[in-house]
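Undergrad: Kindly generate the corresponding structure for this input.
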Amino acid sequence: MTAAENVCYTLINVPSDSEPPSEVSLKADLEKGEIKAKTEALKKVIIMILNGEKLPGLLMTIIRFVLPLQDHTIKKLLLVFWEIVPKTTPDGKLLQEMILVCDAYRKDLQHPNEFIRGSTLRFLCKLKESELLEPLMPAIRACLEHRHSYVRRNAVLAIYTIYRNFEHLIPDAPELIHDFLVNEKDASCKRNAFMMLIHADQDRALDYLSTCIDQVHTFGDILQLVIVELIYKVCHANPSERARFIRCIYNLLQSSSPAVKYEAAGTLVTLSSAPTAIKAAAQCYIDLIIKESDNNVKLIVLDRLIELKEHPTHERVLQDLVMDILRVLSTPDLEVRKKTLQLALDLVSSRNVEELVIVLKKEVIKTNNVTEHEDTDKYRQLLVRTLHSCSVRFPDMAANVIPVLMEFLSDTNEAAAADVLEFVREAIQRFDNLRPLIIEKMLEVFHAIKTVKIYRGALWILGEYCSTKEDIQSVMTEIRRSLGEIPIVENEIKKETGEVKAEDEVSAAPAQKLVTEMGTYVTQSALSSSRPSKKEEDRPPLRGFLMDGDFYVAASLATTLTKLALRYVAIVQDKKKQNSFVAEAMLIMVTVLHLGKSSLPKKPITDDDVDRISLCLKVLSECSPLMNDIFNKECRKSLSHMLTVRLEEEKLSQKKESEKRNVTVQADDPISFMQLTAKNEMTSKEDQFQLSLLAAMGNTQRKEAADPLASKLNKVTQLTGFSDPVYAEAYVHVNQYDIVLDVLVVNQTSDTLQNCTLELATLGDLKLVEKPSPLTLAPHDFANIKANVKVASTENGIIFGNIVYDVSGAASDRNCVVLSDIHIDIMDYIQPASCTDAEFRQMWAEFEWENKVTVNTNITDLNEYLQHILKSTNMKCLTPEKALSGFCGFMAANLYARSIFGEDALANVSIEKPIHLGPDAPVNGHIRIRAKSQGMALSLGDKINLSQKKTNV
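TA: I've put the predicted structure just below:
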């Protein structure tokens, strides 16, 4: 371990603007000053030594005038001072003065104050000189019997570190600590002693555990955690011990400490794959999620449950716990609910789907009664989608779900209502037996629909699937009711001029209808007291949409009326009734067309909508068989085709997922017998404790790819030239939120380089955590310098700097070697992600930063270019593969990715193949990138620009 990687015990904040004091003034303060002055002087000495000053003249002064003082602050500062001060002569021998220091600490180890004893013992853990520790050993042993637990627990730690570093000083440490552990009552002392035995003498730790295995549940949580770790390590190294300790782990699942329960459940899963063990662990995880208030804890434990589900045998056990998992929905956090619903949906089976649907229906009804909150709407949307998925997978459930969900078509939240409408559309197409029920419910809620988008969808469904005479007439009645009195223009003008009074108008006084400049209606009485009329609120919904200028719904209405009229003509034989119905449909279309052309709506009708309504009028006037087929058969066919394709895609993705999870065993695979396996071949699982420790330290061991280009060398950046006096190269190691630069510095001269310092600066959203410390390099010597850089967001960052040094014995100024820039690749932070088309469109509309990149490539194939862009940007293509297949000379695709900081990146690729330029012409077009932040959009654009051209390797 290099000095830079050693564990840091103490952090000292140094004020950057302070002037370094002189050695003479410090000496005077330490000799003659008051306690306060001596404290300040000692602090300054510590800071100066940390900055590389030697100050050998002050050592004796501190021993004579500061060491004998009994002040606790001084004693604490002295512990830091003795830790950092050089204790040996240049040839490696211990300084004579240290004998005096050693004697002072022997006295402190016998001090009546437990704080001084304990803090001195903590200091001894950091000493690396065995000559200093040897005379103190009897005093350290004696501290094990001190009355106060603070002293005893630090004595155990001191004995452990001394035994680990200098075993010859206390060879009987394991035996001593084992005897201490047997008689000890304090939980923290027992924990420290047990932890020492785990690492120093595992057999003794196991012997102790065997004697008290039935009392483990009565121990304190800190000791229980260490016991879990020991059991895991022992069973991991020697699986035959599992039977001996698995009962103990079961008992610890009932611990009062959440941390112990979590670790015990994780250990139980790794030790046993028996259904009872998995069920107990999963139950423990679910209890933790419900009882813990911290959302981060809930999400972490949910991830563990999701990991359990990934194992095919464990999945069957978890399926029985779906109802318990749904108890987590009581948590108000949306992210927790989202993960819970996804997990429940993955685990649902024909056995428990009915119960799941009942719970979800209750949750949906609950959201209706809750006061409106942003997350309530999103949660309702999640529930609707989950119920939708359940109904598609288990068609028997659709009949129970539809009546509840149809109520939400009249919801003010358009997103939830749109999801319900999509579900209803799929259900009415797939399940013929449910059509009468859906039509009936749709007609019930039709008049209450408040948003135009949902109204359009509902019109389409009613027009497409009403097939009986009664249903068709009911729809016509609802449309007339929703449109109000026709002709619309005449009716509205009459209302404005006051010839027709509003239905709820009760005032008998003569009133004049006026329109204000904001477009609202007011009633002015003879007394000149004006009050707003409820005219706008009283308008039927469809008329309200049309008066607001939304004539797209009119085009949809025309199509619906045409379908209904053509179907009515086919069903009813009576010519008079046929003509009457068709005439009524045409009248409605004409009156809407008239309204659009008038000046009454806020916005006039568009030409597209006029064309659509005119076409429908023409179709009804001619009634040709071809048009009948197009309106009544082809529309439904295209929907059926779309739903079939979507279902196929879902099945394909589920198949791929199940193939990933299913462990396939070939017929000729060797069988491994546990009894015949050597200990070093135990590859059942990696050590979870070691992995979690490495992850916490940022040293996650990623499995290197077989491709040598993907190895560590690929991340090495050369910083200086081979002919420079100092050669430097850096390995850039990207962790999640920080970058570690491991810089190799080589002295290529025959001189000793003093104060060789790596000076770095950053550009972009990067921040240098600490300044690397100076080095002294011997001739042709080399050293590694580590620097940490924190990353705050996804954008291209640049690290630049230089190496400065003094040449030993030279009178010249400091020398400087400028380093090449290190460019941080944003691809390390971008991961492919997926979202629905609606979410993509919403984000596309919301994001304000757009970067348009012109395609400039040597690739000649559209699909190949798209795959190349996906590979080089880490984005995921949202456009289905079927939509991209085939060749038609152009291609449009939507791409999506998310950074580890939660930033979204969207891209739209619009490319074409210029056929007139020949088969070898490269692809051209544009890529539009949108993101919330400017840095993300620009960085992604730069990345695409750099990697557009295909290089022949």
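Undergrad: Just give the number of residues close to Ile613.
TA: Each residue near Ile613 was counted by other Cβ atoms under 10 Å, and the total is 25. For every residue, glycine as well, the C-beta is placed using N, CA and C.
Undergrad: correct me, but it touches Thr559?
TA: No. Taking contacts as Cβ atoms under 8 Å, Ile613 lies outside contact range of Thr559: 9.2 Å.
Undergrad: List the buried residues for stretch 915-928?
TA: Buried residues in stretch 915-928, counted by 16 or more other Cβ atoms under 10 Å: 922-923, 925, 927-928.
Undergrad: Next: stretch 349-363.
TA: Neighbour-count burial for stretch 349-363 [16+ other Cβ under 10 Å]: 352-353, 356-357, 359-361, 363.
Undergrad: And for stretch 749-765?
TA: Across stretch 749-765, burial judged by 16+ other Cβ under 10 Å covers 751-754, 756-758, 760, 762, 764-765.
Undergrad: With stretch 885-901 instead?
TA: Buried residues in stretch 885-901, counted by 16+ other Cβ under 10 Å: 891, 893-899.
Undergrad: what's the answer for stretch 544-562, then?
TA: Across stretch 544-562, burial judged by 16+ other Cβ under 10 Å covers 544-548, 550-562.
Undergrad: Same question for stretch 607-625.
TA: With the criterion 16+ other Cβ under 10 Å, stretch 607-625 contains buried residues 609-610, 612-613, 616-617, 619-620.
Undergrad: Which of the buried residues of stretch 885-901 fall in strands?
TA: If you go by DSSP state E, the buried residues of stretch 885-901 have 891, 893-899 in strands.
Undergrad: JSON lines for those residues, including pLDDT and distance to Glu426?
TA: JSON lines is the format used below for those (pLDDT from 0 to 100; distance: Cβ to Cβ, whole Å):
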{"residue": "Met891", "pLDDT": "86", "distance to Glu426": "28"}
{"residue": "Ala893", "pLDDT": "90", "distance to Glu426": "25"}
{"residue": "Asn894", "pLDDT": "90", "distance to Glu426": "22"}
{"residue": "Leu895", "pLDDT": "91", "distance to Glu426": "27"}
{"residue": "Tyr896", "pLDDT": "90", "distance to Glu426": "24"}
{"residue": "Ala897", "pLDDT": "89", "distance to Glu426": "29"}
{"residue": "Arg898", "pLDDT": "86", "distance to Glu426": "28"}
{"residue": "Ser899", "pLDDT": "82", "distance to Glu426": "34"}
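Undergrad: Distance to Leu382 for those - can I get that in CSV?
TA: Converted to CSV, those look like this (distance: Cβ to Cβ, whole Å):
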residue, distance to Leu382
Met891, 33
Ala893, 27
Asn894, 23
Leu895, 25
Tyr896, 19
Ala897, 23
Arg898, 18
Ser899, 23
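Undergrad: so where do the strands sit in the stretch 1-150 of the chain?
TA: For the stretch 1-150 of the chain, applying DSSP state E, counting those that start in this stretch gives no strands.
Undergrad: Output the below-cut-off pLDDT ranges for it.
TA: 1-20, 52 (pLDDT under 70).
Undergrad: can you list the domains in this structure?
TA: 348-447, 712-824, 830-947 (the TED database).
Undergrad: does Val226 belong to a helix or a strand, and which?
TA: According to DSSP states H and E, Val226 maps onto helix 221-237.
Undergrad: Report the buried residues of stretch 426-438.
TA: Across stretch 426-438, burial judged by 16+ other Cβ under 10 Å covers 426-431, 434-435, 437-438.
Undergrad: pLDDT and distance to Pro832 added to those residues, as a markdown table?
TA: Converted to a markdown table, the buried residues of stretch 426-438 look like this (pLDDT from 0 to 100; distance: Cβ to Cβ, whole Å):
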| residue | pLDDT | distance to Pro832 |
| --- | --- | --- |
| Glu426 | 79 | 27 |
| Ala427 | 79 | 32 |
| Ile428 | 79 | 35 |
| Gln429 | 78 | 32 |
| Arg430 | 77 | 31 |
| Phe431 | 76 | 35 |
| Leu434 | 78 | 37 |
| Arg435 | 80 | 40 |
| Leu437 | 82 | 41 |
| Ile438 | 81 | 37 |
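Undergrad: Which of those sits closest to Gln842?
TA: Using Cβ to Cβ, Glu426 is the member of the buried residues of stretch 426-438 that lies nearest Gln842, at 21.3 Å.
Undergrad: Please determine how far the closest one is located from Lys575.
TA: As judged by Cβ to Cβ, to the nearest Å, Glu426 and Lys575 stand 38 Å apart.
Undergrad: mean pLDDT for the domains of the chain: which is lowest?
TA: The minimum mean pLDDT among the domains of the chain belongs to domain 348-447 (a mean of 77).
Undergrad: quick one: terminal-to-terminal distance for it?
TA: One end of domain 348-447 to the other measures 36 Å (Cα to Cα, to the nearest Å).
Undergrad: can you start the count at 52 instead of 1 from here on
TA: With the count now opening at 52, the last piece we talked about shows up as domain 399-498.
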